[in-house]
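S.K.: A predicted structure for the sequence below; I have some questions about it.
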Amino acid sequence: FVQQMSEETSNVEMKVALICASNQNRSMHSHWLFNQNQIPNVYSYGTNNTVKLPGKSPERPIVYKFGTPYRQMHDDLVRDNEHLYRSKGLLDMLQRNMGVKIAPERFHDTPLHFDLIITFEERVFDIVVSVYQQRETVTFEPVHVINLNTIDNHAQAKLGAEDALELYNRIVKHGENWRDHMENIIEDFENVRPIVYSVQFY
Amino acid sequence: MTDLPGEIVENYLIESQAIAVKMIQMINFLDHPINVSILIGSLGVISRYRPQYLSMIILALDKFSRRATERYSNAHWRSICKTLILEMCSMIKIPDSAPFHGRLINILADLGAGKEAERIRHRYSRTFNYQPVGTYIPHILDITPNVQKQLQELSNLPLNLVSNIVIESIKSHQCPDITPVPKMVDSGLLYHLLSVVQPLASLPVQPPIPLGDSPIVKLIRDNPLKRRRELEEFTPSKKRHMEVEISMPSLTQEDLQRFAVQSFERIIKEEKGVIKEGKAEIRKQTLARLAKSLPMSGEPFNNFIEHIIDDIDNRHDLALKWLYQEWINPDHKRYHHILQRLITAMKNLHLIELFPSFLIRLPEVTEDVFHVIDQCCKTPSTVDLGLNTLRDLITLRPPCRNQSIDMLLEYTSHMESSIRRPAIILTRTKIYSNPLFSDRIQEYATNLLYSLVTEENQPSITHEEDIKRRLLLFFALCSKNHVLLNDLVDAYIQVPKIVKKVFHKQSGGLIQTIGMNSPELLNFLSTFPPESTAFVLQILHILTEDKVPSTELIEIVKNIYNSRKDDKHRAKFIIPIASGLEKNELIGHLPEFLLLPANSKKKAIQRMVHHKPAPLTPSELLIALHLIETDENITDILVVKTLHICYNDAEILKPEVIAIVLQQLVDETPIPSLLMYTVLAVVKQHKQMTGFVIDILRRLITKKVWDNDTLWRGFLKCCELLLPHSVPVLISLPEEAFRMALESSPSFVQPIRNHLKKHSNSVLNQSKNNILQNLGKE
């Protein structure tokens, strides 16, 4: 799923953040996909307090602190029960994540200012918006927060990532003044996937 | 130091109210869905910071949410709905919104978020544990003979109000078709009445209502006390409209004072309850205005200040309102006093975030404030508090800017480094980059710097700390603005030697920050004044410490080198860039290095073989040294001295290194005359190399070592040191050489004789024996 970007849009400098709960599956799949398409200034985060991976039973997930390297998680799982986790697809996922960045990051801790944030779950969307609500507005730079509801499994994450990429490309097509066209972009995107958006300020 | 006159403050407050109202009404007129959702977000912000508008906002949102479904397409309505829900849920969390919870939850339920809303409200109402301070429920119609006592119980209400209540209740007592005031006045009503107190308090006392001619009225007029009792027993007729004259018993000035003070104190105590009812703003305004009339020396005044200081984190807003009220009065004595006490308390509590933000919002920042800040900055434990405050004053409060910057600059040149350092860091990182201030800062720093350049009459500054304090600000600015380097060096040239030393000592960090890629630095290096050579050399050394020099740097340095044909020490410039040169090139400079003073030579050797990365291996260096062509300047002794320096370094005098060196050198033609010096050095240091050295000695024999005087002497010395292992070597010498050896060193004789005795069979030895015997005879 590689798209060629036209020459005009290569000037648009947009910082994008892709956010899900644990910065493992949905946001990382998108991050990886965006990297594949040579999109610059892409970042990904999680909003939970800790990173959770499905463990042997649903009540006992494997918990890590944000900042623990994917490599370490991968090696721990291999040591614990390689066959089980490989069949769940976790090892492949962690391997892919390792190739994108070192460790999961928490959204609350980043000082960066983004232009576009894509979240993959409504709860995550709520948390992101509440982060901005609690902060005092200083520079008044706007950020568009857009939610694409995606179920947290591998297949859906792939579809979610593709839709996120589609949305990004549609926005970037408009060049410098993409914000003026957001109303229509959102309107048209309804056919691809229903979304919810909000505009927040730094 | 006044910034804003009272009227402007008042006008501003009124205008911002108007803006807020306009914004709230705007929601009905916007069409663009994204702008609508931004506006809803803004209304949420207003509700958080100005809860007095909550009712207006909620009303507007209610109306909007009912009508908006049709206006926007599905895609946008979903998001607007979501924004509404998020903002209103956050409104439930605001303490002042308690009275509106019901309404909010209804709206949210209509939007489909009822459960969520209930959950939040439940969670947040539990945080309010409200116990009323005391229940003052005056039984207004309870009239006892002791009027004073009664009035004391009524004293939580101002006099006018009491009179109005009494009139109302009597009226309703007579005419039930008018909505009655309940017999017991509850706290809700009290607070509601309190909210209308403010305008009423300024009104004059109502004139008594004109009398009618009814017998009741006559009764009242004649006998005050009696009148009232009879009034109670009187059963009202539904149709009668009664006019009543009420005359309150007279109260002394002290009583009035006392009631006022007590009511004031009750309002202070009822903080939590008032917040829960959503009237926090009104309470603050009331307290602020009432406090204006408290005498400064009195207890209530002090109690109020204590009350604020007790929980200053939550009550600073109250303090500000009060200060604004006090400031409107042109005689600012009270303002000064209150401010002084508050900021001293904040300073003692070390409230590092609150202190600056409080000061910024003051109507006037007085000299006292600056005095307190000054105290903070000069005490190491509160330096951070003081500097934070100065930073905020500089960036966020323009009228205070100049004074604050001047104070800050003074601290950057303070003698105490614990004060000076954070001040310089603050200036450099946050203030200097702002174009509004950079000129002023630069001017100050430049003056400081040039104060070190002594005129003829001025005594020179000798104390190191004093020198440092004038320099370090300029250094810090230079690290951000590299072009200042030129001024720095210009000053360097003119300062006395003792100051130059400090320059050298302190410049490490600066140069490393600038780095070798800075265009201004490279420019400077291309054009530096010759008097600053020592400094430039140090700069080069710091730049290239453990780093490979960049090609630009190498080129510039080579240019410097080439332009100084008459300088016999110009090789000093090559040393720092040694690791960037080709081996052959570097070896070509070796002769020049030899002519440098010992210090520089050591540095050169260090750079050549110990640097990371090292351009030469130790063996390469040694071999090159041995092979140097000597002339009138580069004498053997010079080379020997250099070799000596090398061999003091254990890393160079390693067996493996020397082995390589010696192997290569013996193969040279002609053999370098200093070879034996090296051999001797190794022999003395590493006994384990004896075998190897013996080998070398043998090789030397094949190359006719006796033809070279220096080598021959060294050879013999070596053999001496290595007795008896060197005997076979000596025996293998040709006859003539053998004899010469025996003649020069008597110590050889005995060991050789012993050896020959043992191996008397060999033919080779026969001739040697002869020589030996001949020698003995002579």
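M.R.: Nice, thanks for sending it over. From a predicted model like this one, the values you see are computed outputs, not experimental measurements.
S.K.: residue in the stretch 401-550 of chain B nearest to chain A?
M.R.: Closest to chain A within the stretch 401-550 of chain B is residue B:430: 14.4 Å, counting by Cβ to the nearest Cβ. The way it works is simple: take the backbone N, C-alpha and C, and place the C-beta from them, glycine included.
S.K.: residues touching that residue, list them.
M.R.: Contact analysis of residue B:430 by Cβ atoms under 8 Å, 6 or more residues apart in numbering or on different chains lists B:391, B:395.
S.K.: can you name the element that comes right after the lowest-mean-pLDDT helix or strand in chain A?
M.R.: Least confident helix or strand, chain A: strand A:51-57 with a mean of 88, by mean pLDDT, DSSP states H and E. Following strand A:51-57 in sequence order, the next helix or strand is strand A:60-64 (DSSP states H and E).
S.K.: in that next one, what counts as buried?
M.R.: A:62, A:64 (16 or more other Cβ atoms under 10 Å in any protein chain shown).
S.K.: could you do stretch B:506-514 as well?
M.R.: B:507, B:510-511, B:514.
S.K.: how far does it sit from the chain's center?
M.R.: 20 Å (Cα atoms, centre = their mean, to the nearest Å).
S.K.: stretch B:683-702 too?
M.R.: With Cα atoms, centre = their mean, you get 64 Å for stretch B:683-702.
S.K.: nearest spatial neighbour of the residue in chain B that chain A sits nearest to, skipping sequence neighbours?
M.R.: Of the residues in chain B, the one nearest chain A is residue B:75, at a distance of 4.3 Å by Cβ to the nearest Cβ. The spatially closest residue to residue B:75, leaving aside those adjacent along the chain, is residue A:190, at 4.3 Å (Cβ to Cβ, 6 or more residues apart in numbering or on different chains).
S.K.: is the one you found in contact with residue B:78, as I believe?
M.R.: No. Look at residue A:190 against residue B:78 with Cβ atoms under 8 Å: they stay out of range, at 9.2 Å.
S.K.: if you count what's nearby, which of these two comes out ahead?
M.R.: With neighbours defined as other Cβ atoms under 10 Å in any protein chain shown, residue A:190 and residue B:78 compare such that residue B:78 has more, 17 against 14.
S.K.: separation between that one and residue A:122?
M.R.: Distance check for residue B:78 against residue A:122: by Cβ to Cβ, to the nearest Å, it reads 11 Å.
S.K.: where do the contact lists of the two overlap?
M.R.: Contact criterion Cβ under 8 Å, 6+ apart; residues shared by residue B:78 and residue A:122: residue A:196.
S.K.: what does chain A have sitting close to chain B?
M.R.: Residues of chain A lying near chain B by Cβ under 8 Å from any Cβ of the partner chain: A:126, A:129-130, A:133, A:137, A:182-183, A:186-187, A:189-190, A:194-201.
S.K.: out of those, which sit inside strands?
M.R.: Among the residues of chain A next to chain B, the members found in strands (DSSP state E) are A:195-201.
S.K.: export these to CSV and tack on pLDDT, neighbour count and distance to residue B:752?
M.R.: Below are these laid out as CSV (pLDDT from 0 to 100; neighbours: other Cβ atoms under 10 Å in any protein chain shown; distance: Cβ to Cβ, whole Å):
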residue, pLDDT, neighbour count, distance to residue B:752
A:195, 91, 20, 103
A:196, 92, 22, 105
A:197, 93, 25, 104
A:198, 93, 27, 103
A:199, 93, 20, 103
A:200, 92, 21, 99
A:201, 91, 16, 100
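S.K.: what is the nearest of those to residue B:110?
M.R.: Nearest to residue B:110 among those is residue A:196, at 18.3 Å by Cβ to Cβ.
S.K.: check contacts around the closest one.
M.R.: A:122, A:125, A:146-147, B:78-79, B:82.
S.K.: point me to the residue of chain A nearest chain B.
M.R.: residue A:190 (4.3 Å).
S.K.: just the pLDDT at that residue, thanks.
M.R.: Taken from the predicted model, the pLDDT recorded for residue A:190 is 88.
S.K.: residue B:514 against residue B:523, yeah?
M.R.: No. The pair residue B:514 / residue B:523 is not scored as a contact, 11.8 Å apart, by Cβ under 8 Å.
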